[in-house]
Structures are given as C-alpha cells and as structure tokens.
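Undergrad: 3D model of this:
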Amino acid sequence: MKATLFTQAAIEKLKKTIAPRFKDLPAGFTRVEFLGPRKVDKGKAAMIEILKNPYSEFERNEELVECEQNGMKNFWEWELGLLEQEEKYWEDLLRQLKASIEQEAEQVIAKESGCDEAR
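TA: Model (predicted):
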C-alpha cells in the first residue's frame, strides 16, 4: 500500500474508514459511469465511484428529499406523464381524422345519391 498511498494518514483512513464498509461485499466495490467522449480530444471519459460512499449517498438522499418537498417528479414519473400527453395528442388527431373522413364519405354518398335520383 505504501507504493500507492503516499502518506501514513491515507493508509490509516483506508484501513479504519473505507475498508470496513466493504467487509460484507464479496465484490463490486466500485461503479464505473461512462461520461462519453471528451470534447477536446474525443477520448473516452469515465467516473469511478466507490460504493457505500457517505457523500454520494447523502447527495442522492438530498435530491430525493428536495423532490418530495417541492413536488418535483423523478425522471420516470416525468417520462410517463410525457408519454401520456403524447398518447392523448395522437388519439385526438386520429379522432379528428376519422371525423373528417366520415364527413367526406357522407358528402360523396349524398352527391352520388343525388346524381342517381336526377337520372
């Protein structure tokens, strides 16, 4: 560890604070989140997160509390609402189209029946 962690304080923090969080996990101590290509050189970029990190758990919890307090929706609730709006929009367009087609059909039938009576 001395080759990777340069100070005794870092080694102590690893042994006393970080390592005990993972004693129950057989594997999977980190999560890699790919951020996409960098703008400068298009190289792949990623963020490595240590799981059971109290800071990230605090931030995640704070976001949930803020959403609940302000009545904000999470992504999936928002997405569902958007899909329902789109469905209603397209159903309304189909109803209008159907009504327009029926009206035109009635007009054509009325014309044809008018022409037949004139003969």
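Undergrad: wait, is E112 part of a helix?
TA: Yes - if the criterion is DSSP: H, G, I helix; E, B strand; the rest coil, then E112 is within a helix.
Undergrad: tell me, how many residues neighbour it?
TA: For E112, the neighbour count with other CB atoms under 10 Å is 10. Bear in mind the C-beta positions are built from the backbone N, C-alpha and C, glycine included.
Undergrad: distance of it from K98?
TA: Per CB to CB, to the nearest Å, E112 is found 21 Å from K98.
Undergrad: what do you get for R60?
TA: Counting by CB to CB, the gap from R60 to K98 is 48 Å.
Undergrad: what of D24?
TA: 61 Å.
Undergrad: using the three-state scheme, assign F34.
TA: F34 is classified as strand under three-state DSSP.
Undergrad: list the contacts for the closest residue to it other than its chain neighbours?
TA: Ranked by CB to CB, 6 or more residues apart in numbering and with sequence neighbours excluded, the top spatial neighbour of F34 is A46, at 4.9 Å. Shown in contact with A46 (CB atoms under 8 Å, 6 or more residues apart in numbering): 32-35.
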